[in-house]
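Engineer: structure for this input, please:
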Amino acid sequence: MNHIASKIIIVQRIFPTYQKPIFDAIYNEIDFTLLHSTDRSGIKQSLSPYAAEITKWQFGKGDTQLFLNVFGYIKKNKPKVVIHELAVGILSLPLVLLVKKISGYKLILWGHSYNRKIGFDARKNLSDKYRLWLHRRADAIITYSNSEKEELIKNKIDGNKVFPALNTLDTNKYLPIRNRFERIGKNNIKRELGFKQQFNLVFIGRLYEDKWPHYAIDVLDILVKERYIPIGLHFVGSGKIEKSLVEYSKRKEIQNNIFFHGEVYDDEETGHLLFASDMMIMPGCVGLSVNHAFCFDCPVITFESKNLIPAHGPEIEYIIDGQTGFIAKHRNIEDMAETIFKYLNDHSLREKMKIQIRNMIENICPVEKLVAGVINAINYVQKNDLNGI
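Structural biologist: Sure, this is the predicted structure:
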């Protein structure tokens with residue numbers, strides 16, 4: 001493959017390490033060049049032979065408020081298809097549309113179709129009006145969820161040009177690890193980890209306010225003091241409120257049931273923690289942590305969103321209440337605690353949910369489905385003929 005002369009380019013603000021396996025999987029199917037800038041957001045970023053760094057100009061404080069200098073590459077290499085990250089702050093995006101008229105390439109937009117913190121209302125919100133303007137002029141759109149496609153269709157976007165590529169992780173990497181853990185046995189792994197409690201909850205993610213980790217401590221407090229369950233809570237990650245969470249657990253006098261593991265990036269270590277746990281508890285906004293948990297047979301519980309709070313990511317679609325996880329009443333710690341209590345004491349339900357979780361991660365949102373969504377969008381704009389690419 002001639003990476004430099006590739007006739008498909010993908011434009012992203014940054015190239016996060018966690019997304020590299022996804023792009024690798026796409027690259028296994030079709031040649032492309034990934035153009036990206038870098039930033040200092042704290043998100044680990046990657047390199048690859050199919051990727052090339054481009055310059056940018058930052059004009060605001062937000063991560064997406066920038067101008068991406070892709071036009072030299074477009075002029076030199078004359079791509080047939082440009083797949084561009086959708087973010088309203090990218091000032092160069094309207095120019096990519098303008099150059100499209102001159103150069104004749106097909107433009108596919110890929111990203112969140114709207115701001116999930118405020119919803120979508122093109123009549124009242126200027127940003128949504130602009131998004132809709134971009135969507136209408138794009139040749140195809142790749143969304144992260146089915147609900148985003150439905151929202152676009154409601155706003156009179158042609159559904160034929162919208163292709164869901166359900167957001168996910170590299171399931172082909174995680175599932176073999178899970179299978180190996182299953183042969184070792186959950187109890188053996190718990191002993192290896194030094195888990196002393198019979199039951200264990202796990203929270204994986206940055207310890208920020210919008211994740212509502214303090215509610216996980218409140219729920220644990222109920223389970224320990226009112227339900228008398230031998231249960232532990234494991235925080236995997238770090239963040240601004242880590243110290244306050246440690247202090248909060250001491251004030252609640254349940255610090256002996258709470259464990260702070262810090263940041264863990266090793267796939268084996270995080271997999272061990274998930275496989276050994278009985279449930280992932282994510283009271284606030286959920287994201288790809290849902291997929292991560294499902295890869296290791298771990299159901300997820302969160303709070304329902306009310307007036308877009310918490311602002312769940314598209315991955316909330318994977319949590320089917322009572323099948324792959326649970327959605328407790330909004331900010332109701334008693335309901336969440338009772339739901340967990342019933343689940344832990346219902347062996348039949350646990351086995352049924354394990355089957356549903358595996359079906360979700362293996363058949364509904366595996367990495368192959370995401371790749372297929374991207375390829376389908378490319379085929380659509382090329383009229384199902386890639387011979388000219």
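
Engineer: wouldn't E53 be in contact with D39 here?
Structural biologist: No. Using Cβ atoms under 8 Å, E53 is not in contact with D39; the gap is 11.6 Å. The C-beta positions use only the backbone N, C-alpha and C, and glycine is treated the same way.

Engineer: list the buried residues of the helix or strand of the chain with the lowest mean pLDDT.
Structural biologist: In the chain, the helix or strand scored least confidently by mean pLDDT, DSSP states H and E is strand 56-58, which has a mean of 88. For strand 56-58, the neighbour count (16 or more other Cβ atoms under 10 Å) marks K56 as buried.

Engineer: residue ranges of the strands in the stretch 251-389 of the chain, please?
Structural biologist: 258-262, 279-281, 300-303, 325-328 (DSSP state E, counting those that start in this stretch).

Engineer: should've said the stretch 51-200 of the chain
Structural biologist: 51-53, 56-58, 66-68, 81-85, 106-110, 140-143, 162-164, 199-204.

Engineer: mean pLDDT for these: which is lowest?
Structural biologist: In terms of average pLDDT, strand 56-58 trails the rest of the strands of the stretch 51-200 of the chain, at a mean of 88.

Engineer: and the contacts of that strand?
Structural biologist: 13, 37, 65-69 (Cβ atoms under 8 Å, 6 or more residues apart in numbering).

Engineer: quick check on the residues you listed: which are buried?
Structural biologist: By 16+ other Cβ under 10 Å, these give 13, 37, 66-68 as buried.

Engineer: redo those as TSV? Include distance to N167.
Structural biologist: Shown next, in TSV, are these (distance: Cβ to Cβ, whole Å):
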residue	distance to N167
R13	16
S37	22
L66	23
F67	26
L68	22
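
Engineer: out of those, which is nearest to G262?
Structural biologist: R13 (27.6 Å; Cβ to Cβ).

Engineer: so how far is G89 from that closest one?
Structural biologist: Going from R13 to G89 by Cβ to Cβ, to the nearest Å gives 9 Å.

Engineer: who touches both of those two?
Structural biologist: Contacts common to R13 and G89, judged by Cβ under 8 Å, 6+ apart, are 63-64, 66.

Engineer: ok, of those residues, which one's closest to K129?
Structural biologist: So of the shared contacts of R13 and G89, ranked by how close each gets to K129 (Cβ to Cβ), first place is T64, at 17.2 Å.

Engineer: quick check: closest non-adjacent residue to that closest one.
Structural biologist: G89 (3.5 Å; Cβ to Cβ, 6 or more residues apart in numbering).

Engineer: so the one you found is in contact with Q65, correct?
Structural biologist: Yes. Counting by Cβ under 8 Å, G89 touches Q65, with 4.2 Å between them.

Engineer: and stretch 338-357, how far out from the chain middle?
Structural biologist: Here stretch 338-357 is found 24 Å from its chain centre; the criterion is Cα atoms, centre = their mean, to the nearest Å.

Engineer: any residues touching that stretch, and which ones?
Structural biologist: Contacts of stretch 338-357 (Cβ under 8 Å, 6+ apart): 199, 201, 219, 223, 227, 229, 231, 278-279, 281, 294, 297-299, 301, 320, 322-326, 328.

Engineer: which among those end up buried?
Structural biologist: Buried, going by 16+ other Cβ under 10 Å: 199, 201, 219, 223, 229, 231, 278-279, 281, 294, 297-299, 301, 323-326, 328, out of the contacts of stretch 338-357.

Engineer: where's V11, which helix or strand?
Structural biologist: strand 8-12 (DSSP states H and E).
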